[in-house]
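Chemist: Need coordinates for the following:
(chains A, B, C and D)
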Amino acid sequence: MSVTIQIQADPFDTARETALLTARRADIGAVVSFVGLCRDEGGRLSALELEHYPGMAEAEIRRIAEMAGERWPLLGLTVIHRHGMIRPGEDIVLVLTASAHREAAFSAASFLMDYLKTNAPFWKREHLRDGTKGAWVEAAARDDAALERWERTQG
Amino acid sequence: MSVTIQIQADPFDTARETALLTARRADIGAVVSFVGLCRDEGGRLSALELEHYPGMAEAEIRRIAEMAGERWPLLGLTVIHRHGMIRPGEDIVLVLTASAHREAAFSAASFLMDYLKTNAPFWKREHLRDGTKGAWVEAAARDDAALERWERTQG
Amino acid sequence: MKLVYFAWVRERIGRTDETVELPEGIETVSDLVRWLKTRGEEYEYAFENEEIVRAAIDHVHAKPDRVIAGAREIAFFPPMTGG
Amino acid sequence: MKLVYFAWVRERIGRTDETVELPEGIETVSDLVRWLKTRGEEYEYAFENEEIVRAAIDHVHAKPDRVIAGAREIAFFPPMTGG
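Modeler: From the prediction side, this is the model:
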């Protein structure tokens, strides 16, 4: 399984990453991508600021990717997570999974996002339209709940 | 919910379709894409030929899309399905779902693919490396089984 | 009534479509299949496992017990393998 | 031992990192938190709900009962909100 993990301030190019993942091979039958974007929350936000823990962010995402690779027959996997100031409509995170069949690609992408949300050391802070700094985004209980289904099941 | 459905022989451009789906809005927090590709089955295949039922293909995919739209809070949805001769490594089908949150986007994309597989009037035939026509691809029992979880559950 | 065929159902019957006059007493999809099988061995071959072949009436999937009165186009085809 | 802080834990403590000499008897992550809270009200504020603040030892998540002997860098931060 080819694994690409990048933590960066710059935007990413999903089409380019997909092409890199699938280039020169004909055993991939399914590619699932997840892109998480910055919402403006009904016009309230001017940006989200993403703080991260350099070093641990990459290490933790690598551990999550390895868990996914052990659990599903993946042929490739890409995770790119941005940090810094991100405006509404911009991409924050990309997860790409490639497999022979769709079930593995879907499950692994969903698993990766659930673990990224709760385990990867990133923190979002709101910046408001009126120019002031808003609050740190609070962790959602449903994100913890989302992990449970992976801990209960094997597939 | 904006719905785009296309049945075409030509290749599609996932990046372009994604840009169309998300353009000029800041309420989308999650975009999931599924791309199904033609595999060469270990070098055995030179192509898959996709036959379809014009008219019904679009109508049936529209019905499936409406079911997804009733079930999840989607902000947009795109389905493009190719027909004709498709070579290994080429894209066959694209499903894109956009929502405020990831759960709806993931579930709807997976649901759409499960229903497309079993309900959209397309049939695949193998073309072999040695130049001969191969068999019609047989429907997989697991594809029928995949539908059951959507019939059992509501979310 | 127009009948259309796809994939190996089309190949076995040897045509993509045809227009037929139905005799009295053909009320459901399965009545139609039973009648088609009397029309030659190509039809017998296509419908040799009746429960495998699917039908659609005017672009909507139809079970064997569906009444065909009023249908403009009935399609027969194998289980779908798109996606 | 190097300590690093993130997000509102960093803001409450008022620094991104520091190097500390631990007194005898500080064996686990929760021992360390208890000791930090004696160092000033900024630490008391940061750890006012101890069970909310997460820790990592050398880039690996660590529960409160994890032994810290041998650690080079211990991080404290709120529940994560990436993705």
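Chemist: Can you show me the helices along chain C?
Modeler: C:7-13, C:29-36, C:41-46 (DSSP state H).
Chemist: Show me what counts as buried in the longest one.
Modeler: Translated: helix C:29-36. C:29-33, C:36 (16 or more other CB atoms under 10 Å in any protein chain shown). For the C-beta atoms, the positions are set from N, CA and C on the backbone; glycine is no exception.
Chemist: hang on, the earlier thing: among the helices of chain C, which is nearest chain A?
Modeler: With CB to the nearest CB as the measure, helix C:7-13 is the member of these nearest chain A (20.3 Å).
Chemist: follow-up on the earlier one: a markdown table please, covering the helices of chain C and showing mean pLDDT and distance to chain A.
Modeler: Shown next, in a markdown table, are the helices of chain C (pLDDT from 0 to 100; distance: least, CB to the nearest CB, whole Å):
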| stretch | mean pLDDT | distance to chain A |
| --- | --- | --- |
| helix C:7-13 | 98 | 20 |
| helix C:29-36 | 98 | 31 |
| helix C:41-46 | 98 | 30 |
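Chemist: Dump those to CSV, plus distance to residue A:52.
Modeler: Output for these, formatted as CSV (distance: least, CB to CB, whole Å):
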stretch, distance to residue A:52
helix C:7-13, 52
helix C:29-36, 60
helix C:41-46, 62
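Chemist: Of those helices, which is nearest residue C:67?
Modeler: Residue C:67 lies closest, by CB to CB, to one member of the helices of chain C: helix C:29-36, at 8.4 Å.
Chemist: I'd like the buried residues of helix C:29-36 written out as JSON lines, with distance to residue B:32 added.
Modeler: Listed next are these as JSON lines, based on distance: CB to CB, whole Å:
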{"residue": "C:29", "distance to residue B:32": "37"}
{"residue": "C:30", "distance to residue B:32": "40"}
{"residue": "C:31", "distance to residue B:32": "44"}
{"residue": "C:32", "distance to residue B:32": "41"}
{"residue": "C:33", "distance to residue B:32": "40"}
{"residue": "C:36", "distance to residue B:32": "43"}
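Chemist: out of those residues, who's nearest residue A:63?
Modeler: Of all the buried residues of helix C:29-36, residue C:29 has the smallest distance to residue A:63: 55.1 Å, by CB to CB.
Chemist: residues touching that closest one, list them.
Modeler: For residue C:29, the contact set (CB atoms under 8 Å, 6 or more residues apart in numbering or on different chains) comprises C:55, C:57, C:62-66, C:68, C:74.
Chemist: how near is it to residue C:76?
Modeler: 9 Å (CB to CB, to the nearest Å).
Chemist: and what of residue A:59?
Modeler: From residue A:59 to residue C:76 the distance is 58 Å (CB to CB).
Chemist: the more surrounded of those two?
Modeler: Using other CB atoms under 10 Å in any protein chain shown as the criterion, residue A:59 and residue C:76 rank with residue C:76 on top: 23 against 17.
Chemist: quick one, what contacts the more buried one?
Modeler: C:3-6, C:9, C:33, C:46-47, C:53-55.
Chemist: Up against chain B, what does chain A have?
Modeler: A:14-15, A:18, A:22, A:25-40, A:42, A:88-89, A:100, A:102-103, A:105-106, A:109-110, A:113, A:146 (CB under 8 Å from any CB of the partner chain).
Chemist: Just the pLDDT for the residue nearest to residue C:18 when sequence neighbours are not counted.
Modeler: Of all residues not flanking residue C:18 in the chain, residue C:3 sits nearest, at 5.5 Å (CB to CB, 6 or more residues apart in numbering or on different chains). Looking at residue C:3, its pLDDT is 98.
Chemist: One more: residue A:37?
Modeler: In this model, residue A:37 is scored at 98, pLDDT.
Chemist: Can you list phi and psi of it for me?
Modeler: phi -120, psi 160 (degrees, to the nearest 10).
Chemist: Touching, it and residue A:94? I think so.
Modeler: No: contact criterion CB atoms under 8 Å: residue A:37 and residue A:94 do not qualify, at 10.4 Å.
Chemist: Residue numbers of chain C in contact with chain A?
Modeler: residue C:83.
Chemist: residue in chain C nearest to chain D?
Modeler: For chain C, CB to the nearest CB, closest residue to chain D: residue C:83, 28.1 Å.
Chemist: what does chain A give?
Modeler: residue A:122 (2.6 Å).
Chemist: who's that residue bridged to?
Modeler: On the basis of DSSP bridges, residue A:122 is bridged to residue A:52.
Chemist: Could you double-check that it lies in contact with residue D:82?
Modeler: Yes: Residue A:122 is within contact range of residue D:82, at 2.6 Å (criterion: CB under 8 Å).
Chemist: This completes my enquiry, with thanks.
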